[in-house]
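Novice: only the shape, not the letters, is given here:
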């Protein structure tokens, strides 16, 4: 776990009694969560537990079926499309598969937010792009390359450089180490840690990678799928620090962090036999 960063007492993000359903399927059920400014939060849990849906709800890409999300004292659901677009300029996004534009060069990819939302000279854009690429450990020579010419790990770093280019207040990482080998995964984790130390940002990291969950956050939240909970039981089965996570006595938490599939296999067999 990284060194504690000075956090504000006032929450930057508040999630109040948020539920999200798609048709008859409930993905999030009565989620309550506050995130102070400056905190690095890891959202942990198995596939289908609602991690990415929660992240998208926080930034207004998904509207909650019930409840509300408040960012810096503004209720997201009450904002107009124009106001929401302006608010999102305060966010940086690192997507699961980098999400680079194949037809653009690396320089153009990193500069894209500046060209869309900024008012900078060509010289300023060029200098800012090189500065951000340097921060993520990439040489100037990649500027004129296309994404297909880079490895998966390098593409992830380009995605991080692009997320940082507008100096965001909050950065969202969606499975930042997915598809990478252990060494490159650790490189990405180190870059996230370094980004936090260099820039006073709030970070939300969606992951199921235990190395990421143990290395980078101040705080870990673990979600369970709503379908696997008793009525009225909270989806947040853990909320605490990394040391507290490792000593948590909840068997579901221990099974997840230790990668123990026995009980889930029995559940799957039982469900299959009942069909």
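Specialist: It's in. Predicted model, so just to flag it, every value in this text is computed and none were measured.

Novice: for the chain, which segments are assigned as strands?
Specialist: 11-22, 25-36, 40-44, 66-71, 74-75, 91-94, 170-174, 202-207, 219-223, 236-240 (DSSP state E).

Novice: got CSV for the ones you listed, with distance to residue 129 too?
Specialist: All C-beta atoms are positioned from the backbone trio N, CA, C, and that covers glycine. Shown next, in CSV, are those (distance: least, Cβ to Cβ, whole Å):
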stretch, distance to residue 129
strand 11-22, 28
strand 25-36, 30
strand 40-44, 25
strand 66-71, 28
strand 74-75, 31
strand 91-94, 15
strand 170-174, 18
strand 202-207, 22
strand 219-223, 32
strand 236-240, 38
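
Novice: worst mean pLDDT among those strands?
Specialist: Looking over the strands of the chain, mean pLDDT reaches its minimum on strand 91-94, with a mean of 90.

Novice: strands paired with that one, and their directions?
Specialist: Strand 91-94 has the following sheet partners, assigned by DSSP bridges: strand 170-174 (parallel).

Novice: now what about the strand it pairs with, what contacts it?
Specialist: 12-13, 52, 55, 58-59, 90-96, 163-164, 192, 195, 201-207 (Cβ atoms under 8 Å, 6 or more residues apart in numbering).

Novice: hmm, try it at 7 Å
Specialist: The contact list for strand 170-174, computed with Cβ atoms under 7 Å, 6 or more residues apart in numbering, reads 12, 52, 55, 59, 90-96, 163, 192, 201-206.

Novice: from those, keep the buried residues only.
Specialist: For the contacts of strand 170-174, a burial check counting by 16 or more other Cβ atoms under 10 Å picks out 12, 52, 55, 59, 91-96, 163, 192, 201-206.

Novice: how many neighbouring residues does residue 134 have?
Specialist: 12 (other Cβ atoms under 10 Å).

Novice: pLDDT weak spots in the chain?
Specialist: Applying pLDDT under 70 to the chain flags residues 1-9, 261-275.

Novice: at 80 instead, please
Specialist: Across the chain, the ranges flagged by pLDDT under 80 are 1-10, 96-98, 117-119, 199, 260-275.

Novice: can you give me the helices for it?
Specialist: Along the chain, counting by DSSP state H, helices occupy 51-58, 81-88, 106-117, 122-135, 152-164, 182-198, 210-215, 242-246, 251-257, 262-274.

Novice: so how far is stretch 41-55 off the chain centroid?
Specialist: 9 Å (Cα atoms, centre = their mean, to the nearest Å).

Novice: just to revisit the earlier point, what about the helices of the chain, which gets the closest to residue 38?
Specialist: helix 182-198 (8.8 Å; Cβ to Cβ).

Novice: what's that closest one packed up against?
Specialist: helix 152-164, helix 210-215 (3 or more Cβ pairs under 7 Å, 6 or more residues apart in numbering; DSSP states H and E).

Novice: neighbouring contacts of it?
Specialist: 2, 5, 40, 136, 153, 156-157, 160, 164, 173, 176-177, 180, 203, 209, 211-212, 215-216.

Novice: likewise stretch 149-161?
Specialist: 94-95, 98-100, 106, 109-110, 132-133, 135-138, 142, 147, 176, 179-180, 184, 187-188, 191.

Novice: now stretch 41-52
Specialist: Contacts of stretch 41-52 (Cβ under 7 Å, 6+ apart): 27-28, 35, 54-55, 174, 203-208, 212-213, 216-217, 219-225, 235, 256.
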